[in-house]
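In: only geometry, no sequence info:
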């Protein structure tokens with residue numbers, strides 16, 4: 001079985017740096033690269049049937065937009081890399097969803113970009129990078145801003 005590396009990608013420059021780093025590691029190890037794009041989606045528990053249907057329609061549209069605008073351009077770029085690439089676009093809390101992807105895929109490493117933001121709320125409540133570094137069952141590589 002080929003080793004798998006999950007890399008979080010949101011279309012930002014920092015995420016692109018993380019993909020490049022993960023791609024180099026995947027090439028060196030002969031690993032499969034799983035590019036994970038997570039759309040934050042908070043559940044509302046008190047919605048009417050009509051509101052739920054509208055929300056699901058918006059969700060589908062957002063998934064299609066994310067694929068077209070963010071994921072597909074990256075896949076075109078990675079086609080000639082010589083690395084097997086899988087893509088997952090999911091809804092959920094970013095850290096929790098990335099952890100689930102790592103567990104479900106059997107990945108041995110998680111690579112993420114660091115945003116460099118250090119607001120008060122981030123320091124008080126934690127960042128995605130901080131959460132993943134503490135909770136991930138595999139090695140987490142945080143690629144710094146360049």
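Out: Good, I have the coordinates. Please read all numbers here as calculations on a predicted model, not as lab measurements.

In: what ranges does the protein have for its helices?
Out: Taking DSSP state H as the test, the helices found in the chain are 13-29, 49-66, 72-78, 94-105, 120-125, 128-135.

In: tell me which of the ones you listed sits nearest to residue 4.
Out: Residue 4 lies closest, by Cβ to Cβ, to one member of the helices of the chain: helix 94-105, at 5.2 Å. Quick note: C-beta positions are derived from backbone N, CA and C, even for glycine.

In: quick revisit: out of the helices of the chain, which gets nearest to residue 85?
Out: That would be helix 72-78 among the helices of the chain, by Cβ to Cβ, at 5.0 Å.

In: show residues contacting the closest one.
Out: The contact list for helix 72-78, computed with Cβ atoms under 8 Å, 6 or more residues apart in numbering, reads 9, 11, 16, 19, 23, 33, 35, 85, 87.

In: neighbours around residue 146, how many?
Out: By other Cβ atoms under 10 Å, the residues close to residue 146 number 9.

In: okay then, goodbye and thanks.
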